[in-house]
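# sequence and predicted structure are below.
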Amino acid sequence: MPAVRVLQVEDSQLDAELVLAELDADQIGYEVRLVDDEANFVAALNEFKPHIVLSDLSMPGFSGQRALELLRQRDDDLPFIFVSATLGEDAAIEALRNGATDYILKQNPARLASAVRRALNEADARRASRRAEAELVRAQRFESLAMLAGGLSHDLRNLLQPLLLAGDSLQDYHDDPRLARLGKLVRDCGKRGLEMVHSMLSFARGARRAEQVRLGALFSAFDLLMQGSVPRSVAMELVIDDPELSFEGNHTELQQCLLNLCLNAIQAMPDGGKLSVETSQTELSEDFFLPEEQPRQARYLCLSVIDNGPGMDQAVLERLFEPFFTTKETGTGLGLLSCKRIVGSHGGVMRVDSVPGRGTRFDLYIPLLELAADHEAGDRDEGLEGSAESVLVVVEEAGQLSLLTDTLDAYGYQAHASQSGTAALQWIEACGLPEVVVLDADMNLFTGVRTLAALIEQGYAGGVVLLARSGEPPDLHELPSLKHLYVIDKPISTQVLLRTLRKALGAADNGS
């Protein structure tokens with residue numbers, strides 16, 4: 001333990017030595033500065049930067065109460081202990097109310113050393129907890145920014161979509177070099193705009209780089225962060241089943257999840273309790289997943305945060321992941337939502353089990369596999385032309401709808417445009433079922449998923465190409481079983497659209 005800087009406020013050299021003798025007897029290493037007036041006290045606070053103040057109550061021209069007042073104007077956490085022979089019970093209570101950490105009677109100094117140790121430990125814990133909470137609030141503010149950026153990025157992607165499709169179409173005019181060059185320029189501008197959108201999201205959400213995460217290193221760093229944040233009344237235990245386990249993920253984001261959940265658990269146990277962070281590996285069956293979740297054939301790492309606090313009732317559990325919902329006076333209501341997003345971005349799922357009076361358990365399931373990388377389409381593929389197949393295109397935005405149908409027509413498909421789910425159903429009643437459907441997932445009045453469900457009710461069983469927001473797969477739990485569904489991120493390129501269309505048609509033919 002490094003030497004403790006002790007600032008003594010005392011006008012008696014003998015009494016000062018008797019106080020220090022108690023620290024010597026308990027083998028507390030220290031440096032000391034002795035003052036007995038206001039000017040020297042203030043100078044010592046600035047220059048000596050003490051870890052703790054031990055002060056007499058009354059001195060000629062100065063007082064311990066004044067010293068305490070001056071200290072608390074500067075620092076709310078620095079321990080201040082009265083050591084006095086004249087401190088009565090009423091005065092001691094008043095001193096504690098005014099911000100003193102403890103009081104010791106000079107005639108009974110036996111507990112001075114233990115009081116000093118306890119005061120220093122508690123001050124360190126408060127500071128560490130405030131640093132951790134400040135980092136958490138900062139992370140949650142960035143999460144709010146990420147939500148805003150996500151909404152803006154959706155609008156920007158819709159604006160960029162025509163540039164990408166129109167650029168591809170213009171590049172096909174090989175007989176007119178000027179149009180081909182214009183097409184390349186338009187497409188390049190669209191791609192640069194899309195890169196700017198991704199950069200904005202990366203800044204707002206924090207750059208998410210897939211990296212090799214070693215479980216032992218993750219928990220070592222997390223343990224260091226939590227040191228000082230766990231009060232003495234809470235017993236914390238870390239149980240790691242395989243410290244050498246490595247997997248693809250994001251070290252910082254997973255650490256943020258664990259920190260968030262553990263600080264929430266500590267705040268839920270003001271009177272103390274037990275907190276456990278455990279890891280295990282498991283296989284998950286398909287019936288484990290909720291309808292809106294995507295099952296993965298993989299081994300899963302389970303990160304569990306368990307407390308024996310007061311637990312949560314059903315009303316709280318139902319709103320737990322609702323944005324801005326919080327049960328804390330100073331909470332933002334975004335911490336758990338941030339955890340859920342992080343787990344989801346790793347391809348995982350999150351579970352919570354809580355009963356009033358029996359504590360709370362959060363389980364984070366992370367698949368132990370490599371994260372999928374996005375690959376940019378290269379040169380134009382051969383064999384993407386259609387053979388007059390009937391394609392129903394359902395997109396709400398008129399400009400995008402026109403470009404998509406024109407592009408498909410140019411590649412040999414019979415494209416039929418519908419600007420709403422209702423219009424698509426009317427077209428089917430009049431013209432029959434198409435061979436493949438291209439459908440925007442983000443329509444407003446009659447959503448893409450509802451439109452698709454209605455098409456299935458009409459007897460459609462062919463291939464479906466669903467255009468969805470990047471990183472935000474649509475909720476498909478309302479749909480009956482659909483064998484030939486392909487989801488591609490917006491904004492789409494002509495080559496990706498045509499390749500996916502061929503897959504959908506081929507799969508439907510093979511399955512028929």
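Sure thing, it's come through.
# so which residue is dead centre in the protein?
S338 (3.2 Å; C-alpha atoms, centre = their mean).
# that one belongs to a helix?
Yes - with DSSP: H, G, I helix; E, B strand; the rest coil as the criterion, S338 is part of a helix.
# got the domain ranges for the chain?
Per the record, the chain has its domains at 4-107, 124-205, 211-367, 390-511, by automatic domain parsing.
# quick revisit: quick check: the residue nearest to the centre of the chain touching Q256?
Yes - using C-beta atoms under 8 Å, S338 makes contact with Q256 at a distance of 7.3 Å. Placement of C-beta: from N, CA and C, glycine included.
# about what we covered before: lowest average confidence across the domains of the chain, which one?
Lowest mean pLDDT of these: domain 124-205, a mean of 67.
# state the number of residues packed around the closest residue in space to S304 that isn't next to it in sequence.
Closest residue to S304 apart from its sequence neighbours, by C-beta to C-beta, 6 or more residues apart in numbering: E278 at 4.5 Å. E278: 16 surrounding residues under other C-beta atoms under 10 Å.
# just checking, what packs against the host helix or strand of E278?
Assigned by DSSP states H and E, E278 falls within strand 273-283. Counting contacts by 3 or more C-beta pairs under 8 Å, 6 or more residues apart in numbering; DSSP states H and E, strand 273-283 packs against helix 215-226, strand 234-239, helix 251-267, strand 299-307.
# out of those, nearest to V395?
helix 251-267 (34.0 Å; C-beta to C-beta).
# tell me what the closest one is packed against?
So helix 251-267, by 3+ C-beta pairs under 8 Å, 6+ apart, packs with helix 112-171, strand 211-214, helix 215-226, strand 273-283, strand 299-307, helix 335-345, strand 360-367.
# outside of the second one itself, list whatever touches it.
This points to strand 211-214. The contact list for strand 211-214 (C-beta atoms under 8 Å, 6 or more residues apart in numbering) reads 243-251, 254.
# helix, strand or coil for A43?
Classified using three-state DSSP, A43 is helix.
# again with R499
helix.
# does it really touch L384, like I thought?
Yes - assessed by C-beta under 8 Å, R499 is found in contact with L384 at 6.5 Å.
# sorry, back to before: could you dump the domains of the chain to TSV with distance to R118?
Shown next, in TSV, are these (distance: least, C-beta to C-beta, whole Å):
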stretch	distance to R118
domain 4-107	8
domain 124-205	11
domain 211-367	8
domain 390-511	49
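# do you know which of those lies nearest V116?
Using C-beta to C-beta, these put domain 4-107 closest to V116, at 6.2 Å.
# quick check: end-to-end length of that closest one?
Domain 4-107 has an end-to-end distance of 24 Å (C-alpha to C-alpha, to the nearest Å).
# now swap in stretch 228-243 and tell me
Rule used - C-alpha to C-alpha; the end-to-end distance of stretch 228-243 is 23 Å.
# just the residues contacting that stretch, thanks.
121-122, 124-125, 127-129, 132, 214-216, 219, 222-223, 226, 262-263, 266, 269, 271-281.
# for the closest residue to A100 other than its chain neighbours, what are its contacts?
What sits nearest to A100 in space, not counting adjacent residues and going by C-beta to C-beta, 6+ apart, is F80, at 5.3 Å. Contact analysis of F80 by C-beta under 8 Å, 6+ apart lists 52-53, 55, 67-68, 71-72, 99-101.
# go on, D77?
Here D77 is in contact with 123, 126-127 (criterion: C-beta under 8 Å, 6+ apart).
# so what pairs up with V4 in the strands?
Y30 (DSSP bridges).
# for it, which residues are in contact?
So V4 contacts 28-31, 51-52, 116, 120 (C-beta under 8 Å, 6+ apart).
# again, but for G357
Counted by C-beta under 8 Å, 6+ apart, G357 has contacts 310-311.
# ok so, going back, which of the contacts of F80 are buried?
By neighbour count, with 16 or more other C-beta atoms under 10 Å, the contacts of F80 hold 52-53, 55, 67-68, 71, 100-101 as buried.
# make a PyMOL selection of whichever of the contacts of V4 turn out to be buried.
In PyMOL, a selection of the buried entries from the contacts of V4 looks like this (16+ other C-beta under 10 Å):
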select buried, resi 28+51+52+116+120
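# looking at the contacts of V4, spot the one nearest P295.
Nearest to P295 among the contacts of V4, counting by C-beta to C-beta, is L120 at 51.6 Å.
# quick check, that closest one in contact with L54.
No - taking C-beta under 8 Å as the definition, L120 is not a contact partner of L54, at 11.9 Å.
# if we can go back for a sec, could you redo the buried ones among the contacts of F80 as JSON lines and give each row secondary structure?
As requested, the buried ones among the contacts of F80 are exported to JSON lines (three-state DSSP):
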{"residue": "I52", "secondary structure": "strand"}
{"residue": "V53", "secondary structure": "strand"}
{"residue": "S55", "secondary structure": "strand"}
{"residue": "A67", "secondary structure": "helix"}
{"residue": "L68", "secondary structure": "helix"}
{"residue": "L71", "secondary structure": "helix"}
{"residue": "A100", "secondary structure": "coil"}
{"residue": "T101", "secondary structure": "coil"}
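# could I get the residues you listed as JSON lines with distance to N444?
Listed next are these as JSON lines, based on distance: C-beta to C-beta, whole Å:
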{"residue": "I52", "distance to N444": "63"}
{"residue": "V53", "distance to N444": "64"}
{"residue": "S55", "distance to N444": "68"}
{"residue": "A67", "distance to N444": "66"}
{"residue": "L68", "distance to N444": "62"}
{"residue": "L71", "distance to N444": "60"}
{"residue": "A100", "distance to N444": "62"}
{"residue": "T101", "distance to N444": "60"}
